[in-house]
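**Student:** quick one, fold the following:
(chains A and B)
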Amino acid sequence: MSIAALPAPRAGVLRGLSDFLLRRPGAYLALLLVPPLLWLGIIYLGSLFALLTNSFFSVDEFSGTIDYTLTLSSYGQLFQLANLDIVIRTVLMAAAVTLASAALAFPVAYYAARYAKGRMKAVFYLAVMMPLWSSYLVKVYAWKLILAKEGIVSWIADTLGVTVVLDGVLALPVVGGPSLSTSYIGTFLVFTYVWLPYMILPLQASLERVPGNLVEASEDLGAHPAQTFRHVILPLALPGMIAGSIFTFSLTLGDYIIPQIVGGSNLFIGQAVLIQQGTAGNIPLAAAFTVVPVAIMGLYLWGAKRTGAFDAL
Amino acid sequence: MRSDRASRPLKLAALGGLLFLHVPLLFVFLYAFTTEEKSYQFPPPGLTLKWFGVAFGRQDIWDAIGLSLRVAALATTVALVLGTLIAAALARRQFFGREAVSLLVILPIALPGIVTGIALRAAFNLMEIDYGLLTIILGHATFCIVVVYNNAVARFRRLSGSLVEASMDLGADGFQTFRYVILPNIATALLAGGMLAFALSFDEVIVTTFTAGQQSTLPIWMLSELVRPRQRPVTNVVAVFVILVTFLPILAAYYLTRDESGHK
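**Tutor:** Residues are numbered from 1 along each chain as shown, chains lettered A, B, ... in the order given. Alright, predicted model coming up:
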C-alpha cells in the first residue's frame, strides 16, 4: 500500500492507531488473529489435548475411579476382540457407505456439471444443497418411517407381491435382521442417504473442470463411451471423488446416532465412546476409542493429499 | 453432436439420485397428518390436523425451541466476529503458520463430531464448568466459525485491493475504510455465512449431547423422541417445522452469494 501518499500523523487516538496498524502489517495481522486463535487454541485445542491426556490414564478396576498414572492400558484394551470388532465393523461400514455414495453421486454430479445450464443448474445446485443442510435428525427420522416393519417399504413389497424377496434379504446372515430398521442394511441406507450430498458437491466441482474438448477428442478418436469414461473422465474426476470420500468416511466413523436409531444391537465406534464415557464411566477407554477415527482420518487425509484431492474441496 | 445431449440412462440415474434425496422428506410431511399414534403404519389409516394443535400446546417443545434459538443467535454472533477476523487475516496474506491457522479453523468440522463433543466435555470437567447455556454456546461457536470463514474469505478475495488503497489515499483512516468500503462489500457474504451458521447450530445434536446439561435444545428433544417415542405424530409436526425453518435461511444464503464461484 502507498504509505507515502498519507499525510503526516493526524490527530485523534483512533487515527493514530489505524495509521500505526497500516505502517506495521505485522501488528495488524496479529490484532486480527489473536481473538480467533485464543478461542480456537484454548477452547478447542485445549479440549483435544485434555482428551488425549485422558486416553493415557486408566480406570481402577475395583474402585472405578480414574488412576492418573500414565499408561497405555486403554490402548491395549482397544485390541481386545470385542473392541477390535467394533472398530472393524465401523470401518467396513464407512467403506461401504463411501463406495455407494460415489456410485449414486456420479450421475447426478455428471449431469449437473455437463448438461445442466442456466436455471436447470441452479435447480440442481439447490436440490443438492437443501437436503445437505436440512436437519440431520429429521432425515434419520424419515428413514425410520420408511424402514419400519409396518412402514412404507413393507407396504410396497406387499403391494407388488415381493414380500418373499424382502424376507429373503432380511434372512441373510450378518446384514439381515427382524426388520429393515433393525438391520445393517437399514443402517447402511440411512448413512448413504444422509452423507450423499457431501459426495455430490466436490465431485461436481471436479467434473466441472474436465475440459469438454478432451471428451470430444476421445470420442472423435473412436473411443466407446465406456472407454471415454474409464480413461478420460474418471481419472480427472478422481480428486473430487476422494475429497467427497473424506466427508462420507469421516462422518460415518464418528456417528453414533444413526446406528442407535436404525440398526442392529452391535456397536459402532461412536456408540462405544458414548457408553464408555456415560454408563460405563471409563473415560480413558472412551478417549482411546476417539483416537481411532482421528488416526484413521489422519492416514486417509495424508493419502488424499498426495492425490491432489484438496484442490477439489 | 451426440455429446451435447445426455443419454437416457444418465438422465434417469441423475433423476433417481435427486428423488432419493428428496422423497424421504416428503413422508415426514405426510406422517404429520396421520391418525395413527402408536406405529408408523403405511398408508396412514386416516388424516387429521389435530397434531398441530397438540404440538402447539406442548410447553416442553416451546422451551426447546426457545433454548435452540438463544444458542443459535449467540453462537452465530461469536462465529461472525471470529470468522470474519480470520478471513481478513488469511484472504490475501502469506505468512508463517498460515496453513496451520486454516487447518485449525477447519478441524472442528473435519474431525468427527463425537471427538469434538467428548473433548469439550473432558475440558469442562477438568475446569469444573457447569453444563448449561454457556457450554452449549462454546461448543457451537467453535464449529460455526468455519462456515462464516468460508463465506467471508471468498468475498475478501474478490474485494479489489485498489478500493481499499483509494479510500486510504483519499484520507480515510482504517476504521472509516472498514465502515464505508469494506463492510458494504462483505455484508451479504457475512449475512449468508451467519444464516448458515445459525442453521448449523439450530440443528446440531452430536456435540450438544456432550455439552448440554439437563436442558434440551430442539434437536436433543427430537433425539429423545426418536429413541423413546411418546406421541409419534407430534414429533412429525416438529420435524415439519424444523424443515421449514431451516429451508428459508439456506435459500436466502444461496441467493446472497450465488454469483460467487466455489461456494459451499
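**Student:** my read: residue A:292 touches residue A:79, true?
**Tutor:** No: Residue A:292 is beyond contact range of residue A:79, at 11.0 Å (criterion: C-beta atoms under 8 Å). In short, each C-beta sits where N, CA and C put it, glycine included.
**Student:** which one of these two is surrounded by more residues?
**Tutor:** Using other C-beta atoms under 10 Å in any protein chain shown, the more surrounded residue of residue A:292 and residue A:79 is residue A:292, with 23 against 9.
**Student:** who touches that one in this structure?
**Tutor:** Applying C-beta atoms under 8 Å, 6 or more residues apart in numbering or on different chains, we find residue A:292 in contact with A:78, A:87, A:253, A:269.
**Student:** how does it look with 6 Å?
**Tutor:** Going by C-beta atoms under 6 Å, 6 or more residues apart in numbering or on different chains, residue A:292 touches residue A:87.
**Student:** likewise for residue A:163?
**Tutor:** Residue A:163 neighbours (C-beta under 6 Å, 6+ apart): residue A:157.
**Student:** and residue B:243, by the same measure?
**Tutor:** A:134, A:138.
**Student:** any idea of the pLDDT on it?
**Tutor:** At residue B:243 the predicted local distance difference test score is 85.
**Student:** helix, strand or coil for it?
**Tutor:** helix (DSSP: H, G, I helix; E, B strand; the rest coil).
**Student:** ok, now how distant is it from residue B:58?
**Tutor:** 18 Å (C-beta to C-beta, to the nearest Å).
**Student:** next one: residue A:250
**Tutor:** Counting by C-beta to C-beta - residue A:250 and residue B:58 are separated by 36 Å.
**Student:** what does residue B:20 give?
**Tutor:** Look at residue B:20 and residue B:58: by C-beta to C-beta, they are 33 Å apart.
**Student:** over to residue B:95?
**Tutor:** Distance from residue B:95 to residue B:58, by C-beta to C-beta: 53 Å.
**Student:** quick one, which of these two is more surrounded?
**Tutor:** The neighbour comparison of residue B:95 against residue B:58 (other C-beta under 10 Å) goes to residue B:58, with 15 against 12.
**Student:** got the phi and psi for that one?
**Tutor:** phi -90, psi 110 (degrees, to the nearest 10).
**Student:** can you tell me which residues contact the closest residue to chain B within chain A?
**Tutor:** Proximity of chain A to chain B (C-beta to the nearest C-beta) peaks at residue A:254, 1.9 Å away. Contact analysis of residue A:254 by C-beta under 6 Å, 6+ apart lists A:270, A:293, B:112-114.
**Student:** right, and the pair among those with maximum separation?
**Tutor:** A:293 and B:113 (10.4 Å; C-beta to C-beta).
**Student:** which residue, other than its chain neighbours, is closest to residue B:203?
**Tutor:** Leaving aside its sequence neighbours, residue B:203 sits nearest to residue A:135 (C-beta to C-beta, 6 or more residues apart in numbering or on different chains; 4.8 Å).
**Student:** what about that neighbour, how many neighbours?
**Tutor:** With other C-beta under 10 Å as criterion, residue A:135 counts 27.
**Student:** repeat for residue B:87
**Tutor:** 27.
**Student:** likewise residue A:303?
**Tutor:** 11.
**Student:** can I get the strand or helix carrying it in CSV? Just the C-alpha atoms.
**Tutor:** Secondary structure assigned from DSSP states H and E places residue A:303 in helix A:283-306. C-alpha atoms of helix A:283-306 as CSV (Å, rounded to 0.1, in the frame of the first residue of the first chain):
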residue,chain,number,x,y,z
ILE,A,283,-13.3,-42.1,30.3
PRO,A,284,-9.8,-43.2,29.4
LEU,A,285,-11.1,-46.0,27.2
ALA,A,286,-13.7,-43.6,25.6
ALA,A,287,-10.8,-41.3,24.9
ALA,A,288,-8.7,-44.0,23.4
PHE,A,289,-11.7,-45.0,21.2
THR,A,290,-12.0,-41.5,19.8
VAL,A,291,-8.3,-41.6,18.9
VAL,A,292,-9.1,-44.4,16.4
PRO,A,293,-11.2,-42.4,13.9
VAL,A,294,-8.8,-39.5,14.3
ALA,A,295,-5.8,-41.7,13.4
ILE,A,296,-7.7,-43.3,10.6
MET,A,297,-8.7,-40.0,9.2
GLY,A,298,-5.1,-38.7,9.6
LEU,A,299,-3.8,-41.5,7.4
TYR,A,300,-6.7,-41.0,5.0
LEU,A,301,-6.0,-37.3,4.7
TRP,A,302,-2.3,-37.9,4.2
GLY,A,303,-3.1,-40.3,1.4
ALA,A,304,-5.7,-38.0,-0.1
LYS,A,305,-3.3,-35.0,-0.1
ARG,A,306,-0.9,-36.9,-2.3
